[in-house]
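Novice: Predicted structure and sequence below. I'll ask about it afterward.
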Amino acid sequence: MKLKILPPTLRNNKHYISFEAISTVPLNRTDVISLIWESSLNFHGECKTSKFDLWVMKVWTFESGKNGNLIKGIIQCNRDEVDSVRAAMTLITRFKGKKVVFHTLGISGTIKSGIKKFIKLEN
């Protein structure tokens with residue numbers, strides 16, 4: 001017997017948060033994931049964080065010169081918990097003892113529109 005797929009009306013709605021992180025230490029995708037999860041768990045606890053449905057979808061690394069490294073990315077989360085995720089992201093200030101700053105660039109309904117509006121990759 002094959003499992004039935006949930007119809008779209010019963011699925012949780014998702015939104016995508018475009019962000020940028022400026023750090024003095026080079027960050028990669030796994031570092032970003034661990035920073036966001038750790039901040040969410042510390043600020044909201046396990047029960048609330050489990051409702052976020054957090055996924056780091058894409059991460060781009062840019063060189064920003066002598067000030068440090070610039071990272072831009074997109075996070076998927078539950079539509080009802082967008083403000084909670086943004087609050088947890090703003091509390092990230094340190095990674096390996098060095099300064100890190102997370103900025104929310106914007107919120108979108110699809111990954112494609114988030115990249116087009118907020119990430120603005122140069123081709």
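Specialist: Nice, thanks for sending it over.

Novice: Could you find the residue nearest the spatial middle of this protein?
Specialist: The centroid of the chain falls nearest to I75 when counting by Cα atoms, centre = their mean (3.4 Å).

Novice: Show the backbone phi and psi for that residue.
Specialist: Dihedral pair for I75: phi -120, psi 130, per degrees, to the nearest 10.

Novice: Thought A21 was touching it, still the case?
Specialist: No. Under the contact definition of Cβ atoms under 8 Å, I75 does not touch A21, with a separation of 11.2 Å. C-betas here are computed from N, CA, C, even on glycine.

Novice: hmm, back to that, state the distance from the residue nearest to the centre of the chain to P7.
Specialist: The gap separating I75 from P7 is 26 Å, by Cβ to Cβ, to the nearest Å.

Novice: Go ahead and confirm T104 touches A87.
Specialist: No. Judged on Cβ under 8 Å, T104 makes no contact with A87 at a distance of 10.0 Å.

Novice: quick one: contacts of whichever strand or helix holds T104?
Specialist: Using DSSP states H and E, T104 falls within strand 98-108. Contact partners of strand 98-108, identified using Cβ atoms under 8 Å, 6 or more residues apart in numbering, comprise 15-25, 27, 35, 72, 82, 86, 89-90, 92-94, 114, 117-119.

Novice: Tell me the strands beside the helix or strand of the chain with the lowest mean pLDDT, with direction?
Specialist: Least confident element among the helices and strands of the chain, by mean pLDDT, DSSP states H and E: strand 55-63 (a mean of 88). Strand 55-63 sits in its sheet next to strand 69-78 (antiparallel), going by DSSP bridges.

Novice: then the partner strand to PDB, C-alphas only?
Specialist: This file holds the C-alpha atoms of strand 69-78, laid out as PDB (Å, rounded to 0.1, in the frame of the first residue of the first chain):
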ATOM      1  CA  ASN A  69      33.900  37.800   5.000                       C
ATOM      2  CA  LEU A  70      30.400  38.400   3.700                       C
ATOM      3  CA  ILE A  71      27.900  35.500   3.400                       C
ATOM      4  CA  LYS A  72      24.400  35.700   2.000                       C
ATOM      5  CA  GLY A  73      21.800  32.900   2.100                       C
ATOM      6  CA  ILE A  74      18.200  31.800   2.300                       C
ATOM      7  CA  ILE A  75      16.500  30.100   5.200                       C
ATOM      8  CA  GLN A  76      13.200  28.300   4.900                       C
ATOM      9  CA  CYS A  77      10.900  28.400   7.900                       C
ATOM     10  CA  ASN A  78       7.200  28.100   8.900                       C
END
